[in-house]
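Student: Sequence and predicted structure are below.
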Amino acid sequence: GQGPEHSSARLERYLNLCAEDNMQVIVPTVPAQIFHALRRQMLRAMRKPLIVMTPKSLLRHKDSVSHIEDFVSGKFRNVIGDADKANAEKVKRVIVCSGKIYFELAAEKQKRNIDSIAIVRLEQLYPFPEADFRAEIVHYSHATEVLWCQEEPRNQGAWRYVMKRLLESMTAKQQILYSTRPPSASPAVGYLHKHIEQQARIIDEALTIT
């Protein structure tokens, strides 16, 4: 939140250039995901640009970890479901997010002891993993809300890109919502106190069902 040159990799610009399977854009949250993404990239017969959006802070984040077996088996997961394995019948809202904001949402959800919200991570944004996302969200047919949460201002980040794709995977009875910073000409307010205040509001809005 200190200033424009330190606060954004301009995800929205990459997503705006995505078409005809010309590249991949991923937002991995744990080490095993990065391993499998790089392995997948190297084993491909035809390699396309791979855009990896991940902040330095996850290098030292206590919750951004993987077990050894996660490296030696499995593959890159385009979508990661709710880590708490929320009871689908109780879930009223599904939060969809990408990147490090997941850890803040998960920590606050646990702190508040919320069982009516599930958090789903989109680890690959392009090509959009439509089948994987639908396979995950179908578990929460009782949910009436699907909310996209991001740290970026509303006119930046992935919101405009994912909105249509989320709607295509939702049921007719589900409402789409968002929790973001207000639209801004700059990716950051440039004032740490204000940045922290906005971040707290984003998390609170995402986890508060009215």
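Tutor: Okay, I see it.
Student: got a list of what E123 touches?
Tutor: I26, V27, P28, T29, Q33, F76, R77, N78, V79, I80, S98 (Cβ atoms under 8 Å, 6 or more residues apart in numbering). Where C-beta positions appear, they are placed from N, C-alpha and C, glycine not excepted.
Student: Give me the distance between it and L11.
Tutor: When Cβ to Cβ, to the nearest Å is the yardstick, E123 and L11 sit 14 Å from each other.
Student: and if you look at D115?
Tutor: From D115 to L11 the distance is 31 Å (Cβ to Cβ).
Student: Scan the chain for its longest helix.
Tutor: helix 192-207 (DSSP state H).
Student: Report the beta-bridge partner residues of L50.
Tutor: Q24 (DSSP bridges).
Student: what helix or strand does the spatially most distant residue from the centre of the chain sit in?
Tutor: Computed with Cα atoms, centre = their mean, the residue of the chain farthest from its C-alpha average is A45, at 28.5 Å. A45 belongs to no helix or strand when elements are defined using DSSP states H and E.
Student: can you redo the contacts of E123 as a markdown table with secondary structure?
Tutor: Shown next, in a markdown table, are the contacts of E123 (DSSP: H, G, I helix; E, B strand; the rest coil):
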| residue | secondary structure |
| --- | --- |
| I26 | strand |
| V27 | coil |
| P28 | coil |
| T29 | coil |
| Q33 | helix |
| F76 | coil |
| R77 | coil |
| N78 | coil |
| V79 | strand |
| I80 | strand |
| S98 | coil |
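Student: thinking again about what came up before, residues touching the longest helix of the chain, excluding its own?
Tutor: Residues contacting helix 192-207 (Cβ under 8 Å, 6+ apart): 1-2, 95, 101, 104-105, 108-109, 112, 114, 117, 147, 149-151, 179-181, 188-189.
Student: Name the residues of that helix that come out as buried.
Tutor: H195, Q198, I202, I203, A206, L207 (16 or more other Cβ atoms under 10 Å).
Student: Now do the helices in the chain.
Tutor: 4-7, 11-17, 31-43, 68-72, 101-112, 130-137, 159-169, 192-207.
Student: any idea how far the fourth one is from the chain center?
Tutor: It refers to helix 68-72. Computed by Cα atoms, centre = their mean, to the nearest Å, the separation of helix 68-72 from the middle of its chain amounts to 22 Å.
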